[in-house]
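Asker: here are the coordinates; sequence isn't available:
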């Protein structure tokens, strides 16, 4: 099988995980005390993995660049977390969640991993409730659910628009319990600068203390990377400012294959760009599509009048509006998956129907939901013949209870009241399905180097369904990795502590130091942001929502040239031996400048359209994605060979034993 | 618009800091406060000077990383927002804006506007959790019904982002609002009641050890809290603490 052995256990799909857990090696509790594990990243995947590993008895060190584990960007996830609990009795099951996820991912993910995810989803909810995560409840005291894109059941658990925050604080609390027991040692404001391999195995990391600038060595028997996605390669995204690819990229440079880098999710409902000074984009949760209707004007002249401020959206009559998602996809309507909704918005805006100054926005309108909820509430409260004002007031209260914080956030940023006038939204980079290649055990192609959460590639194929990122992060961290890693570590019970004075550590530290020196000694023509913004523009224009061969070839050349310019002329002020935010950014942008080129190469190689990867050359007559299962039913796993353009492709053929491959249709 | 900025510059924890004057032109109302600082920093870098260090990350008001005392108020003049969500349309052309770090003994300055809030982590480590294993062997999530009002109140307490504005707003630099939010979240849930006594005692003890001041009920914390965490939580914690103490 070569090095790309996915290690999927044999046997029937529904029994694979249980059988696997029954058959892998365990480490006895006394021996766990002699084994050290490094976890880089403390979001949902890293935080939960660290907590469970420590609870099992391993000695855990955690690393995060933030000042506290609680600030990892999982915290910003809004809408919810999926679980096949079937509390609503609407026919949900692990199989359905599995099926929806595979289909939503446009048949580019691994069956066995996704089924395991669906199986574990139910445990997550039980676990989180036991930890005191305050999910939304109904008046009977039971957990409430909502619906997300690409599915026909209500399986999403939520805590208003702050689900990610509540789940992350749950994982953080679990970490705190272990910190208090001395089983986790947290290294906050630390950034991983390199992975250290000894005899081909991951045995430690080089980290930079971001307060003092000190370069530190840390050893362990295994290293877990849970460092999130690389959406910031686009400069503007919904990611946090510090989100980066550095840890994953360093592992890639040391031998971990990078899978499907071009599979990126552009989220349909974000607040549109307002100007050149913009530093990041803000998401408006997909849950809003439960109640919001997306539209643009039917007539071009109306769209123009709106852009010029001569017409207000509320003045436009119902018959003059084009609810284009409801028109094109009657079965799923406003709740089509994200890739489909994003492309549809772009299509309308490109055709001239955009509604903000730049013509890059569509409406998300709550007026009919307010009416519907208002009438419902009036009825349940026994108000007879309510007038329009009462209905509107009651309806707004319901909307506020459901989405209050999102509406407030919108109003603060845009300075318009979304209860009175429709929101304006536009797609933005949000999530990366690609990431380090991992086998069924979540091990990368480097022995002892594991990868969990958004940082790996495994579960979402070419498009992730809403409310599935939180599910994957916690499943990987709480319930998968802590067990699969034991199988590997069972060989290390006699190894003893790994010394940090090995020549491999010397060399890795020297590499890190040289790189920092090089960054500090640029000619000083341009700031780091100058390069990052340029890179972002290339990525958005040529590797964004629609891609073609010519653009991708240009992107590869332009990024390569920009990278050379960066190393020559970047300006990093201040000193390396102290807190230096520009130096931190410079290191991250340097890695993005390599990843971006590989991204374009991957997109260029994949001559098909699937999920978030839309190649203009490969579309149906109606403009839908045209997948090519005969030639591209594989995972692209890239091996580092120096320049990104020289990376070597390895294919993991995807095997579908339980699901029939179909054209994905939401019509 | 054109602004006069007075910004706290401090080389590191051991150096003495001072307010430094800057003038910034071309600020637009649509910029967030931090984007305004980005523009200033870009100018400083291009003029060969070291940029102003400030903490920030998600820039959507939820991670709690950004701070800043703006004209004497944590997170500035707007209500229910963090600094990253504060927009420059709240200011006028020609305004003078004083920007300082959050001030508290328990929050030492690391550099410029960056402070060390690890004291908050240690308060949480002392007891801000439910002692349940994360192995997945728990009861079904719906096995214990929870009254919706309690669940909602628990949620509202849990929305604290740990930014430290409550401490910075308080003349005593008290961390009561922060600590009580976590105590309340668990005290309101049946799962959290089991170890409520130990939790409140351990967390309050750690809070005192960190050097935070006492609460004198001025209510400034609630006013400045970007998430609107209610003073009721402090009352609840006092009740929990009293009851824990009498239980011994």
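Answerer: Arrived safely, thanks for sending. As the structure is a prediction and not an experimental result, all values here were calculated from the model.
Asker: all contacts plus neighbour counts: C-alpha atoms, from now on.
Answerer: OK.
Asker: how is the chain carved up into domains?
Answerer: If you meant another chain, say so; for now it's chain A. Split into domains by automatic domain parsing, chain A comes to A:268-429, A:503-653.
Asker: my question was about chain B, not that one.
Answerer: B:3-111, B:117-245.
Asker: now these in TSV, with distance to chain A, mean neighbour count and mean pLDDT?
Answerer: As requested, the domains of chain B are exported to TSV (distance: least, C-alpha to the nearest C-alpha, whole Å; neighbours: other C-alpha atoms under 10 Å in any protein chain shown; pLDDT from 0 to 100):
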stretch	distance to chain A	mean neighbour count	mean pLDDT
domain B:3-111	4	20	97
domain B:117-245	4	20	97
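Asker: one step back: how about CSV for the domains of chain A, with distance to chain B added?
Answerer: Output for these, formatted as CSV (distance: least, C-alpha to the nearest C-alpha, whole Å):
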stretch, distance to chain B
domain A:268-429, 6
domain A:503-653, 6
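Asker: out of the ones you listed, nearest to residue A:86?
Answerer: For the domains of chain A, proximity to residue A:86 was assessed by C-alpha to C-alpha; domain A:268-429 is nearest, at 18.6 Å.
Asker: end to end, how far does the closest one reach?
Answerer: Using C-alpha to C-alpha, to the nearest Å, the end-to-end distance of domain A:268-429 comes to 9 Å.
Asker: now stretch A:105-117
Answerer: Using C-alpha to C-alpha, one end of stretch A:105-117 lies 14 Å from the other.
Asker: touching chain B at all, it?
Answerer: No: Stretch A:105-117 is not in contact with chain B by C-alpha under 8 Å from any C-alpha of the partner chain; minimum separation 13.7 Å.
Asker: how far does that stretch sit from its chain's centre?
Answerer: 16 Å (C-alpha atoms, centre = their mean, to the nearest Å).
Asker: just stretch B:64-72 next, same as before
Answerer: Worked out by C-alpha atoms, centre = their mean, stretch B:64-72 lies 9 Å from the chain centre.
Asker: stretch A:73-93 too?
Answerer: Here stretch A:73-93 is found 16 Å from its chain centre; the criterion is C-alpha atoms, centre = their mean.
Asker: also stretch A:293-311?
Answerer: Relative to its parent chain, stretch A:293-311 has a centroid offset of 33 Å by C-alpha atoms, centre = their mean.
Asker: the strands in the stretch 201-350 of chain A, which residues?
Answerer: Using DSSP state E, counting those that start in this stretch, the strands of the stretch 201-350 of chain A run over residues A:201-209, A:215-219, A:222-225, A:258-259, A:264-270, A:293-297, A:321-322.
Asker: just say which of the ones you listed is most tucked in.
Answerer: Stretch with highest mean neighbour count among the strands of the stretch 201-350 of chain A: strand A:258-259 (a mean of 30; mean count of other C-alpha atoms under 10 Å in any protein chain shown).
Asker: so what does that strand touch, helix or strand wise?
Answerer: With contacts defined as 3 or more C-alpha pairs under 8 Å, 6 or more residues apart in numbering or on different chains; DSSP states H and E, strand A:258-259 has these neighbours: strand A:435-436, strand A:634-639.
Asker: just say which of those is most tucked in.
Answerer: Highest mean neighbour count among those (mean count of other C-alpha under 10 Å): strand A:435-436, a mean of 30.
Asker: packing partners for that strand?
Answerer: Here strand A:435-436 touches helix A:246-253, strand A:258-259, going by 3+ C-alpha pairs under 8 Å, 6+ apart.
Asker: secondary structure element for the nearest residue to residue A:75 once chain neighbours are set aside?
Answerer: Residue nearest to residue A:75 in three dimensions, not counting chain neighbours: residue A:165, with 4.0 Å by C-alpha to C-alpha, 6 or more residues apart in numbering or on different chains. Following DSSP states H and E, the helix or strand that holds residue A:165 is helix A:163-180.
Asker: next, the buried residues of that helix.
Answerer: Residues A:163-179 are the ones in helix A:163-180 that count as buried (16 or more other C-alpha atoms under 10 Å in any protein chain shown).
Asker: now do it: distance to the chain's middle.
Answerer: The chain centroid and the centroid of helix A:163-180 are separated by 19 Å under C-alpha atoms, centre = their mean.
Asker: tell me the helix or strand right after that helix.
Answerer: Per DSSP H and E, the first helix or strand lying C-terminal to helix A:163-180 is strand A:184-187.
Asker: who does that next one pair up with?
Answerer: Taking DSSP bridges as the criterion, strand A:184-187 pairs within the sheet with strand A:59-63 (parallel).
Asker: could you check the angle the partner strand makes with strand A:215-219?
Answerer: In terms of direction (axes from the mean of the first three to the mean of the last three C-alpha atoms, to 10 degrees), strand A:59-63 departs from strand A:215-219 by 150 degrees.
Asker: identify, by residue count, the longest helix of the chain.
Answerer: Picking chain A for this. Taking DSSP state H as the criterion, chain A has its longest helix at helix A:388-414.
Asker: to clarify, I was referring to chain B.
Answerer: What stands out as the longest helix in chain B, according to DSSP H, is helix B:232-247.
Asker: tell me how far that one is from the chain's mean position?
Answerer: With C-alpha atoms, centre = their mean, you get 22 Å for helix B:232-247.
Asker: so what secondary structure elements neighbour it?
Answerer: Using 3+ C-alpha pairs under 8 Å, 6+ apart: helix B:232-247 touches helix B:176-187, helix B:196-209.
Asker: if you set the cut-off to 6 Å instead, what comes out?
Answerer: With contacts defined as 3 or more C-alpha pairs under 6 Å, 6 or more residues apart in numbering or on different chains; DSSP states H and E, helix B:232-247 has these neighbours: helix B:176-187.
Asker: run through who's touching the helix it packs on.
Answerer: Here helix B:176-187 makes contact (C-alpha atoms under 6 Å, 6 or more residues apart in numbering or on different chains) with B:154, B:157, B:158, B:192, B:193, B:233, B:234, B:237.
Asker: chain center to it, what's the gap?
Answerer: Averaged C-alpha coordinates place helix B:176-187 at 13 Å from its chain's average position (C-alpha atoms, centre = their mean).
Asker: tell me the angle the longest helix of chain B makes with helix B:196-209.
Answerer: Using the same axes, to 10 degrees: helix B:232-247 against helix B:196-209 is 110 degrees.
Asker: where in the stretch 1-150 of chain A is pLDDT low?
Answerer: Along the stretch 1-150 of chain A, segments meeting pLDDT under 70 span A:1-3.
Asker: cool, thanks, talk later.
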